[in-house]
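**Q** Mind folding the following:
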Amino acid sequence: MTIKTPIIPKKQTFAKVQAPHEVNQKAICVFAATGFFLDTDTYWKDEVVLPAAAINKLDDAGFLLESKPWFQWHNTPKERPFQEVVDEFSELFKTIVSEQIENKSVILPLSGGLDSRTQAIVLKELQANVQAYSYQFEQGYNETKIAEKVAKQCGFAFDAFTIPKGYLWNSIDDLAEINGCYSDFCSPRQWAVLNQLKGYQGVFSLGHWGDVLFDDMAVADDLSIDLQVEQIIKKITKRGGLKLAQTLWQAWALEGQFYDYFYERVKALLQQIDISHSANARIRAFKSLYWAPRWTSVNLSVFEAAHPITLPYYDNRMCEFICQIPEKYLSGRQIQIAYIKQKAPQLAKLTWDLYHPCNLYNYQDYYTYRGLPGRLQHSLKYRVKRLLGKPTIQRNWELQFLGQENDKQLQKQLFSDEFKQFVPPLVTQDMYRRFTSKDQLQHAHGLSMLLTLSKWYNKQPIESV
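**A** Numbering: from 1, shown residues only. So this is what the prediction gives:
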């Protein structure tokens, strides 16, 4: 059997390899640090995920015999005027979206950002029947306000949802089955409104990965390979993730130091990318090879639990297009901004949430004196709420982990007798203590990863681990 994987796969495809059937503790430490498994790693030494952009040969028993890349990320820019690049993007984007939706009704998640706004423009241009929606956290920033304005200007039906406190605990087992415990359970907040999404008709058009492909990586292009590795580690590790990974490494008595192992793994993978003249292009390629398919794509499974998904920015042609764009045009989201301004000037005048309250015409003022009044007003509003005892919820874990009832459920999962056999109780107890008594923001990721590992371990047959 031969399986050809896309440049950015939208789902993981598993295969067997000749190795002991043992838990891959080193891989799990990386998972704890970053929130995703690196390269082809899985929970098991004798199981891998097929690599991106490869032609893979498997035998009848599902063992991987051979894997060869059919596409290599490259940086071979074709010099041409910026407007020509924008026009090329416009034509390609329309072609891809049109082919993907095939005249079906479309379900469009909207935000205050750029990716979904570009999709709204092309879907309107294609005269698609669109049901748009957005969501915000209970007691959170009103994210749906901008999305509703986008939908209204495009003539789309629109629903606004609220992500409630503690929704996770009634359905965490189902979510664990859907994502296979290859992602934490707080990141895919769309899980909270899955039943509502199932009530729609059509296919999802999702804007995932546009923000990575159409931006620079904020580094100098002549950055050395070692500094590139350091930048990647900073980008992919979560707050407190390195601490948890090293703690697990020591608790499992693995040889050496976690960081040294992690650094060498990242460096080896980065050196395989044949882009030596552009650090930005090389880091973008690394993220697209290893972060997109092993983290972003995992959470797409939640959308697929409701309806089929389409992803214009995942399309092979879009990836090939990126490789041929001069890096100077990719910095600062220039292409998408220009596209929106040209195609829908009124949409460009709506607030860009990243630079609230600025829009696509004045966002450059955000960090200048001209943007100071808006920044101060925005900050003051949330400070007042905090003083009144109603702080703004900014992260899903705040709704799922904080409060007496959430804490009861969390402890039930973390301190089960079964999980103690996998992760030493002192590790879990220390992380829980740090989260509940110190900086919650610093330790929330670690707690979330231990919850994920607990669900994975507890659903394994006892004899297999």
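
**Q** got a list of what residue 37 touches?
**A** 27, 30-31, 43, 49, 182, 294 (C-beta atoms under 8 Å, 6 or more residues apart in numbering). All C-beta spots, glycine's among them, are computed from the backbone N, C-alpha and C.

**Q** Tell me which of the residues you listed fall in strands.
**A** residue 49 (DSSP state E).

**Q** tell me, what residue is most central in this structure?
**A** The chain has residue 296 as the residue nearest its centroid, 3.7 Å off, counting by C-alpha atoms, centre = their mean.

**Q** Over to that one: give its phi and psi.
**A** Torsion angles at residue 296 (phi, psi; degrees, to the nearest 10) stand at phi -60, psi -50.

**Q** and what of the one 4 residues further on?
**A** With angles defined as degrees, to the nearest 10, residue 300 shows backbone torsions of phi -70, psi -20.

**Q** give the contact list for it.
**A** If you count contacts by C-beta under 8 Å, 6+ apart, residue 300 has them with 10-11, 206, 208, 309, 311.

**Q** Please repeat the previous calculation with a cut-off of 6 Å.
**A** Residues in contact with residue 300, defined by C-beta atoms under 6 Å, 6 or more residues apart in numbering, are 10, 309.

**Q** ok, which stretches of the chain are strands?
**A** Remark: strands assigned in the chain by DSSP E are 2-4, 14-16, 47-49, 54-58, 64-69, 106-109, 130-137, 157-163, 203-205, 309-310.

**Q** you'd agree the residue nearest to the centre of the chain is up against residue 210?
**A** No: applying C-beta atoms under 6 Å, one finds residue 296 not in contact with residue 210, separated by 11.2 Å.

**Q** follow-up on the earlier one: highest neighbour count among the contacts of residue 37?
**A** Highest neighbour count within these, by other C-beta atoms under 10 Å: residue 31, with 29 neighbours.

**Q** residues in contact with residue 318?
**A** Residue 318 neighbours (C-beta under 6 Å, 6+ apart): none.

**Q** Next one: residue 164 from residue 139, what distance?
**A** With distances taken as C-beta to C-beta, to the nearest Å, residue 164 is found 10 Å from residue 139.

**Q** returning to that earlier point: now do the residue nearest to the centre of the chain against residue 401, distance only.
**A** Here the criterion is C-beta to C-beta. By it, residue 296 lies 23 Å from residue 401.

**Q** can you pull out the helices in the stretch 151-300 of the chain?
**A** 172-179, 194-198, 210-213, 225-236, 241-251, 258-271, 279-286, 297-304 (DSSP state H, counting those that start in this stretch).

**Q** Compute the number of surrounding residues for the closest residue to residue 324 other than its chain neighbours.
**A** Spatial nearest neighbour of residue 324, chain neighbours left out: residue 78 (5.1 Å); criterion: C-beta to C-beta, 6 or more residues apart in numbering. By other C-beta under 10 Å, 11 other residues sit near residue 78.

**Q** If I look at residue 78, what pLDDT would I see?
**A** We have a pLDDT of 95 for residue 78.

**Q** And for the one 4 residues further on?
**A** According to the model's per-residue confidence, residue 82 sits at a pLDDT of 98.

**Q** Ignoring the adjacent residues along the chain, who's closest to it?
**A** Per C-beta to C-beta, 6+ apart, closest to residue 82 is residue 329, 5.7 Å.

**Q** The one you found against residue 86, yeah?
**A** No: the pair formed by residue 329 and residue 86 falls short of the contact definition of C-beta under 6 Å, at 8.6 Å.

**Q** So in this structure, where's the weakest helix or strand by average pLDDT?
**A** helix 372-387 (a mean of 64; mean pLDDT, DSSP states H and E).

**Q** re the thing from before, pull up the gap between the residue nearest to residue 324 and residue 71, please.
**A** Computed as C-beta to C-beta, the residue 78 to residue 71 distance reads 18 Å.

**Q** Residue 160: how many residues sit nearby?
**A** The local packing of residue 160 (other C-beta under 10 Å) involves 17 other residues.

**Q** ok, the nearest residue to it once chain neighbours are set aside - contacts?
**A** Leaving aside its chain neighbours, residue 160 sits nearest to residue 144 (4.0 Å; criterion: C-beta to C-beta, 6+ apart). Under the criterion of C-beta under 6 Å, 6+ apart, the neighbours of residue 144 are 134, 136, 160.

**Q** got it, and residue 159?
**A** For residue 159, the contacting residues are residue 133, by C-beta under 6 Å, 6+ apart.

**Q** Tell me the confidence at it?
**A** 97.

**Q** I'd assumed residue 192 was in contact with residue 167.
**A** Yes: in this structure residue 167 lies within contact range of residue 192 using C-beta under 6 Å: 4.6 Å.

**Q** The two - which one has more neighbours?
**A** residue 192 (22 against 18).

**Q** so that one makes contact with residue 165?
**A** No: using C-beta under 6 Å, residue 192 is not in contact with residue 165; the gap is 10.1 Å.

**Q** and for these two, which residues touch both?
**A** Counting by C-beta under 6 Å, 6+ apart, nothing touches both residue 192 and residue 165.

**Q** where in the stretch 351-465 of the chain is pLDDT low?
**A** In the predicted model of the stretch 351-465 of the chain, residues 377-390, 462-465 satisfy pLDDT under 70.

**Q** Tell me where it has helices.
**A** Counting by DSSP H, counting those that start in this stretch, the stretch 351-465 of the chain has these helices, from start to end: 372-387, 396-401, 404-414, 425-437, 440-458.

**Q** Highest mean neighbour count out of those helices?
**A** Burial of the helices of the stretch 351-465 of the chain is given as mean neighbour count (mean count of other C-beta atoms under 10 Å); helix 396-401 ranks first at a mean of 23.

**Q** any idea how far residue 215 is from residue 339?
**A** Counting by C-beta to C-beta, the gap from residue 339 to residue 215 is 14 Å.

**Q** Now stretch 243-258: buried residues?
**A** Neighbour counts over stretch 243-258 (16 or more other C-beta atoms under 10 Å) mark 243-249, 252, 258 as buried.

**Q** Export the helices of the stretch 151-300 of the chain to a markdown table and append columns for mean pLDDT and distance to residue 155.
**A** Output for the helices of the stretch 151-300 of the chain, formatted as a markdown table (pLDDT from 0 to 100; distance: least, C-beta to C-beta, whole Å):
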| stretch | mean pLDDT | distance to residue 155 |
| --- | --- | --- |
| helix 172-179 | 96 | 33 |
| helix 194-198 | 97 | 21 |
| helix 210-213 | 97 | 23 |
| helix 225-236 | 97 | 38 |
| helix 241-251 | 97 | 43 |
| helix 258-271 | 98 | 45 |
| helix 279-286 | 98 | 35 |
| helix 297-304 | 96 | 24 |
